[in-house]
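*Asks:* sequence unknown, structure follows:
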């Protein structure tokens, strides 16, 4: 688990919540969006004896009211200090372990560093997005680096 200073953790959690809020069309299709900010363990993937807790999980319940179902999208949000080889171990696990789409979201300006790591380690990532903070607003951009 990452250890971040309070200001960086606040940035991370703001981006997690903002990104989770972008899935209106998926929610309209019956999906749910779960988040695990600040090391919280609200929703996990995998077996109970080896769970993982991605920052954002978009999933379709197996039946109405179910607490489990099919994963459609996994997101991992990184801050400038966490775009590194150590965190790439987690990216590799997310990319290899689950069949859903895996998005890596990094601060604007960190996308090339992330791409270098992804290519060197042959990590399966569906797309790299960047984010930028402006006051209370968070904006996202598709880098199209993996298209």
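*Replies:* Received, thanks. Predicted, not measured: the structure shown is a model, and the values here were computed from it. Residues are numbered from 1 along each chain as shown.
*Asks:* which residues outside the lowest-mean-pLDDT helix or strand in the chain are in contact with it?
*Replies:* Each helix and strand of the chain was given a mean pLDDT (mean pLDDT, DSSP states H and E); the minimum falls on helix 6-20 at a mean of 90. Helix 6-20 has contacts (Cβ atoms under 8 Å, 6 or more residues apart in numbering) with 4, 33, 35-38, 55-56, 75, 77, 79, 81, 105, 131, 133, 136, 138, 140. (C-beta placed from N, C-alpha, C; glycine too.)
*Asks:* show me what the one helix or strand residue 117 maps to is packed against.
*Replies:* Residue 117 belongs to helix 111-121 when elements are defined using DSSP states H and E. Counting contacts by 3 or more Cβ pairs under 8 Å, 6 or more residues apart in numbering; DSSP states H and E, the secondary-structure elements packed against helix 111-121 are helix 85-97, strand 101-107, strand 127-134.
*Asks:* the ones you listed: which one's closest to residue 121?
*Replies:* Closest approach to residue 121 among these (Cβ to Cβ): helix 85-97, 5.8 Å.
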